[in-house]
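Engineer: I need the structure of the sequence given here:
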Amino acid sequence: MAPGVWAAFVLALSLGHCGLALDTPSVRLNNGVEMPVMLWGSGGATQENSTSTRKAVSDALNTGFPGLDCANHYHNQRGVALGIHDSGLRRKIWLQTKIEPCGNSRITPLYEGHCFNQSLAALEQNLKQLQVDQVDLTLLHSPPCVPNSTWADPQCMWPDQPDAVYPQHCDCAAEVPCKMMQNQWRALEKHYRENKTRAIGVSNFCAPCLECIAKVATVVPAVNQLQFHVGMPGDDPKGLVSYCRSKGIVVQAYSPLGGDAHGAVLGSKVLVQVAASHNISTAQLALKWVLQLGHALATSNVKIDYMRTDLAIMRADWHLSDQEMATLTKLAVALDDPVKSMCLFK
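Structural biologist: Prediction:
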């Protein structure tokens, strides 16, 4: 992103009901709602631990993060609610959450017709856990698990992960998972029409998954949250970024520091050299690269000093040059392709 465009991106202000600070950078979603470009995520070190989540949320908000990313799958939303209360900010923040794919917890998936009511119940449970009447954004966490028909692994899960919320080679064009997603999307639209969420979107969705729900959607997804970071390589994996942009869907990056490959990413010679030239950390550089491409992001760190350095890049009056952006975009150090793992690409 050119410096002039970046400046306009940073100067976009959120003046809605959330009461964000006037210098909060934001991006306008396709329904006109303004979303902060950087959020603090509760799915990292605090996952499944409401006690540590409570403190981390309060610290993140009081350090300056304008909002939070959470999910019922993280099993810590009670801690999120308590952390918001402790911060004293109440609803003067952006709050987004997610519901799990239909039938996620079962080896044999539910019939697709059950997904609508199941999703409505999950949406209401989120509000109850977060102790609010409305959230700012609700995402469908991933495509559904459909064993023996659409997944490479018949158990629908990663070998080292005993749940199936994160997709692995899901064929969204197949009839059963597509109908399941469509019913879940109808539930999100109902939630949206009832003003219980200001925007709706998806997470871990590749183009075929988005095309599936588009067949029945009356509301275009506002956001697609996906793993996106320097070192993948490239800035348009499997054409997903350009596809989202063509549909007016904002890309929001999770694991912007490299996910499981963060050591290789942040320790690469290229990042070390470029970061040193700007007198910043490689973590700050990785976040800057994502933001300068024009994307939003959610980052997770429980140490206050690291929270401050993350936020510092929003206030700094500096930009990566076109050459530096190109060099970082070509970097290939991650061990896998997160986007390829989202869907069955033939």
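
Engineer: hey, let's count contacts and neighbours off CA atoms from now on
Structural biologist: Fine.

Engineer: buried ones in stretch 114-127?
Structural biologist: Within stretch 114-127, the residues scored as buried using 16 or more other C-alpha atoms under 10 Å are 115-116, 118-120, 122-123, 126-127.

Engineer: list the contacts for the nearest residue to residue 197 once chain neighbours are set aside?
Structural biologist: In space, and not counting its chain neighbours, residue 197 is closest to residue 135: 4.8 Å by C-alpha to C-alpha, 6 or more residues apart in numbering. Applying C-alpha atoms under 8 Å, 6 or more residues apart in numbering to residue 135 gives the contacts 94-97, 127, 196-198.

Engineer: how about a cut-off of 6 Å?
Structural biologist: With contact set as C-alpha atoms under 6 Å, 6 or more residues apart in numbering, residue 135 has these partners: 95-96, 197.

Engineer: top of those residues by number of neighbours, please.
Structural biologist: In terms of neighbours by other C-alpha atoms under 10 Å, the contacts of residue 135 top out with residue 95 at 25 neighbours.

Engineer: in a strand, that residue, correct?
Structural biologist: Yes: assessed with DSSP: H, G, I helix; E, B strand; the rest coil, residue 95 lies in a strand.

Engineer: that one contacts residue 71, correct?
Structural biologist: No: with contact defined as C-alpha atoms under 6 Å, residue 95 and residue 71 do not form a contacting pair (10.4 Å).

Engineer: which stretches of the protein form helices?
Structural biologist: Counting by DSSP state H, the chain has helices at residues 3-11, 50-63, 77-87, 115-130, 175-193, 207-214, 240-246, 262-266, 269-278, 282-292, 304-315, 322-330.

Engineer: can I get the longest one as CSV, trimmed to CA atoms?
Structural biologist: Translated: helix 175-193. Taking Å, rounded to 0.1, in the frame of the first residue of the first chain, the C-alpha atoms of helix 175-193 are listed here in CSV:
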residue,chain,number,x,y,z
GLU,A,175,-23.8,-31.0,-1.2
VAL,A,176,-24.0,-31.9,2.5
PRO,A,177,-21.4,-29.4,3.9
CYS,A,178,-22.6,-26.7,1.7
LYS,A,179,-26.2,-27.1,3.0
MET,A,180,-24.9,-27.1,6.5
MET,A,181,-23.0,-23.8,6.0
GLN,A,182,-26.0,-22.2,4.2
ASN,A,183,-28.2,-23.0,7.2
GLN,A,184,-25.6,-21.6,9.6
TRP,A,185,-25.4,-18.4,7.5
ARG,A,186,-29.2,-18.0,7.6
ALA,A,187,-28.9,-18.1,11.4
LEU,A,188,-26.2,-15.4,11.4
GLU,A,189,-28.4,-13.3,9.1
LYS,A,190,-31.3,-13.6,11.6
HIS,A,191,-29.0,-12.6,14.4
TYR,A,192,-28.0,-9.6,12.3
ARG,A,193,-31.5,-8.6,11.4
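
Engineer: spatially nearest residue to residue 267 (excluding sequence neighbours)?
Structural biologist: Nearest one to residue 267, counting by C-alpha to C-alpha, 6+ apart, is residue 282 at 7.6 Å.

Engineer: same check on residue 272?
Structural biologist: Residue 272 sits nearest to residue 282 (C-alpha to C-alpha, 6+ apart), 6.0 Å away.

Engineer: burial check on that neighbour, number of neighbours?
Structural biologist: Residue 282 has 22 nearby residues by other C-alpha under 10 Å.

Engineer: repeat for the one 10 residues further on
Structural biologist: Counted with other C-alpha under 10 Å, the burial measure for residue 292 works out to 20 neighbours.

Engineer: so how far is residue 210 from it?
Structural biologist: According to C-alpha to C-alpha, to the nearest Å, residue 292 stands 25 Å off from residue 210.

Engineer: of the contacts of residue 135, which is the nearest to residue 239?
Structural biologist: Checking these against residue 239 with C-alpha to C-alpha, the nearest one is residue 96 at 25.9 Å.

Engineer: check contacts around that closest one.
Structural biologist: 69, 135-138.

Engineer: save those as a markdown table, and put in distance to residue 82 too.
Structural biologist: Shown next, in a markdown table, are these (distance: C-alpha to C-alpha, whole Å):
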| residue | distance to residue 82 |
| --- | --- |
| 69 | 15 |
| 135 | 16 |
| 136 | 18 |
| 137 | 19 |
| 138 | 20 |
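
Engineer: ok, of the residues you listed, which come out buried?
Structural biologist: For the contacts of residue 96, a neighbour count by 16+ other C-alpha under 10 Å gives the buried set as 69, 135-138.

Engineer: kindly reformat these as a markdown table containing distance to residue 268 and pLDDT.
Structural biologist: Putting the buried ones among the contacts of residue 96 into a markdown table (distance: C-alpha to C-alpha, whole Å; pLDDT from 0 to 100) gives the following:
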| residue | distance to residue 268 | pLDDT |
| --- | --- | --- |
| 69 | 28 | 97 |
| 135 | 38 | 97 |
| 136 | 37 | 98 |
| 137 | 35 | 98 |
| 138 | 35 | 98 |
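
Engineer: now, which of the residues you listed sits nearest residue 269?
Structural biologist: residue 69 (31.1 Å).

Engineer: any buried residues in stretch 40-58, and which?
Structural biologist: 40-44, 46-50, 52-58.

Engineer: ok now it, how far from the chain's centre?
Structural biologist: 16 Å (C-alpha atoms, centre = their mean, to the nearest Å).

Engineer: span of it from start to end?
Structural biologist: The first residue of stretch 40-58 is 11 Å away from its last residue (C-alpha to C-alpha).
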